[in-house]
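**Q** here is my input; please provide its structure:
(4 chains)
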Number of protein chains: 2
Amino acid sequence: MKNNAQVSVPVIKRLPRYHRYLEELKNMGVVRISSKELSIRMGLTASQIRQDLNCFGGFGQQGYGYNIEQLYNEIGIILGINKRSKAIMIGAGNLGHAIATHLHFENRGFDLIGIFDNNKNVIGTEIGGKTVLDSAELEEFCKTEKPVVAILCIPAEYAAENADKLVGLGIKGFWNFTQYDLMHRYEGVAVENVHLGDSLMTLCYQINKLPDNNEV
Amino acid sequence: MKNNAQVSVPVIKRLPRYHRYLEELKNMGVVRISSKELSIRMGLTASQIRQDLNCFGGFGQQGYGYNIEQLYNEIGIILGINKRSKAIMIGAGNLGHAIATHLHFENRGFDLIGIFDNNKNVIGTEIGGKTVLDSAELEEFCKTEKPVVAILCIPAEYAAENADKLVGLGIKGFWNFTQYDLMHRYEGVAVENVHLGDSLMTLCYQINKLPDNNEV
DNA sequence: ATGTCTTTGTTAAAAAATTAAACAAGTTTT
DNA sequence: AAAACTTGTTTAATTTTTTAACAAAGACAT
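**A** Below is the predicted model:
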């Protein structure tokens, strides 16, 4: 085991990827794997894998390697995806709709317990078996249900006011799909950004940088 | 100006964010800004801003700072969002539908010229004014239209075969929404991943790490 | 015009993260 | 019982990223 020194962000960001590869191996019926073999498969070094895992404890065995199912479970525990935190979604437009139906929240530590919108045409419709609620009911809902995470799928211009309100209602984390920057805005509130526009621009840069693409 | 040494990925990833903040300032009618003031607004250091920009050239003036409109345009040029690369979307399910309608491709260097699916129920429907085409037509379409980027919104299990095929048809970049890892698979092909599942798990980790959340 | 103030571009230093190497100790295999 | 593996851990080296520092140059005020 390790002392609980702060684990660096890059390490954390790699955990879901380990988890994915281990799941795949598990489903393939593979029982054990060495850091060496996993490193080849994932395109990193055995040293890094061992060092990453060692931030959380010793899950392997000398001469044997790692038991895939065990390591898979351990990483799940580290990530906390066994617990279920309550999540609500704010904004049920195209994007919200897709996120709500596309993701397996239950496998990733969350229960999506409510979807809110303020568009009369959307309120009352069903998304993934859940009825879209009126944003006007948000406050009461939060007081009784006490959700922990809010998924923001609203236009950037409404992000700030909604986020402020939600933090006031006890929200401790945001999955932020808006272009608005929520980081550094609240103390003790987690923010995970999915800036699709930024991502697309990054791709644009890469494309225009490729040697081939030199048609002025 | 700078010699065109390789610019690091973190710098590139920050460019869209600069672009966003400058756009906002521009729309507010602000004409100029210093690295110091921008750093406060964005939550980073003035030093980092100056160094980031200096990778591409000197856009500011001593004693004055940066002209916002000029810097905004320059960053746009660096990112290449003035040109328009042709993009196609593979997979028009919930997620594909949302991405196709939600993003302003034109403002980010792309033209979405085709949407493909192999589901008979989806083929022929309209998404954002575009008719969803049959995947069977993909090859012919690519030969005549020569798209550069493919947006993958298909299940992970079909990612590999589709990507291989698309690279064969001349695709030079992927915007990858599948869980499948495309990195290191092709030479000279750009890959920008949007791993929503990984992102959600990272948030899960953060939430369960928060001091408050200690109910075992 | 002159002097002060600001702020850049750039260089140098510091910090952080990654990679690599090495090895005792325990496991598996032969 | 010996040989071959492979981990957890330490240490060092390398690379990358961030921060600090400052001369030089333009802006601004008087």
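**Q** C-alpha only now, for contacts and for neighbours.
**A** Will do.
**Q** where in chain A is pLDDT low?
**A** Counting by pLDDT under 70, the ranges of chain A that qualify are A:1-5, A:212-216.
**Q** the lengthiest strand in chain A pairs with which strands?
**A** Longest strand in chain A by number of residues, with DSSP state E as the criterion: strand A:110-117. Sheet pairing of strand A:110-117 (DSSP bridges) gives strand A:85-90 (parallel), strand A:130-134 (parallel).
**Q** of all those strands, which lies closest to DNA strand C?
**A** When those are compared by Cα to the nearest atom of the strand, strand A:85-90 sits nearest DNA strand C, at 26.9 Å.
**Q** among the strands paired with strand A:110-117, which comes closest to DNA strand D?
**A** Of all the strands paired with strand A:110-117, it is strand A:85-90 that lies closest to DNA strand D, at 29.2 Å by Cα to the nearest atom of the strand.
**Q** what distance separates the closest one from the centre of its chain?
**A** 13 Å (Cα atoms, centre = their mean, to the nearest Å).
**Q** tell me the buried residues in the helix ranked longest in chain A?
**A** In chain A, assigned by DSSP state H, the helix with the most residues is helix A:9-27. Across helix A:9-27, burial judged by 16 or more other Cα atoms under 10 Å in any protein chain shown covers A:12-13, A:15-23, A:25-26.
**Q** near DNA strand C, which residues of chain A?
**A** Taking Cα under 7 Å from any atom of the strand, the part of chain A that reaches DNA strand C is made up of A:8-11, A:44-45, A:47-48, A:51, A:61-64.
**Q** which residues in chain A form strands?
**A** Using DSSP E, the strands of chain A run over A:32-33, A:60-61, A:65-67, A:85-90, A:110-117, A:126-127, A:130-134, A:149-152, A:173-176, A:190-193.
**Q** doesn't residue A:34 make contact with residue A:45?
**A** No - counting by Cα atoms under 8 Å, residue A:45 sits too far from residue A:34 to count as a contact (11.6 Å).
**Q** so which of the two has more stuff around it?
**A** residue A:34 (19 against 16; other Cα atoms under 10 Å in any protein chain shown).
**Q** number of nearby residues for the residue of chain A found nearest DNA strand C?
**A** Nearest residue of chain A to DNA strand C (Cα to the nearest atom of the strand) works out as residue A:63 at 3.2 Å. Counted with other Cα under 10 Å, the neighbours of residue A:63 add up to 7.
**Q** now do the one 3 residues further on
**A** Counted by other Cα under 10 Å, the residues lying close to residue A:66 total 20.
**Q** pull the number of nearby residues for the nearest residue in space to it that is not next to it in sequence.
**A** Nearest residue to residue A:66, sequence neighbours excluded (Cα to Cα, 6 or more residues apart in numbering or on different chains): residue A:60, at 4.5 Å. Residue A:60 has 20 neighbours, counted by other Cα under 10 Å.
**Q** how about the one 10 residues further on?
**A** A total of 16 residues lie near residue A:70 under the criterion other Cα under 10 Å.
**Q** now do residue A:62
**A** By other Cα under 10 Å, neighbour count at residue A:62 equals 7.
**Q** with residue A:138 instead?
**A** 19.
**Q** ok, what's across the strand from the residue lying closest to it once chain neighbours are set aside?
**A** Excluding the flanking residues, the one nearest residue A:138 by Cα to Cα, 6+ apart is residue A:116, at 7.3 Å. When bridges are called by DSSP bridges, residue A:116 pairs up with residue A:90, residue A:133.
**Q** and the helices in chain A?
**A** A:9-27, A:35-42, A:46-54, A:68-79, A:94-102, A:138-145, A:159-168, A:196-209.
**Q** which of these sits most buried?
**A** When those are scored by mean count of other Cα atoms under 10 Å in any protein chain shown, the highest mean neighbour count falls to helix A:196-209 (a mean of 22).
**Q** name the residues that touch that one?
**A** A:177, A:179, A:213-214, B:12-13, B:16-17, B:78-81, B:103-104, B:108-110, B:172-175, B:190-192, B:194 (Cα atoms under 8 Å, 6 or more residues apart in numbering or on different chains).
**Q** do the same with stretch A:150-169
**A** Here stretch A:150-169 makes contact (Cα under 8 Å, 6+ apart) with A:87-93, A:95-96, A:139, A:142-143, A:171, A:173-180, A:182.
**Q** of those residues, select the buried ones using a PyMOL command.
**A** Selecting only the buried entries of the contacts of stretch A:150-169 in PyMOL, with 16+ other Cα under 10 Å as the criterion:
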select buried, chain A and resi 87+88+89+90+91+92+93+95+96+142+171+173+174+175+176+177+178+179+180+182
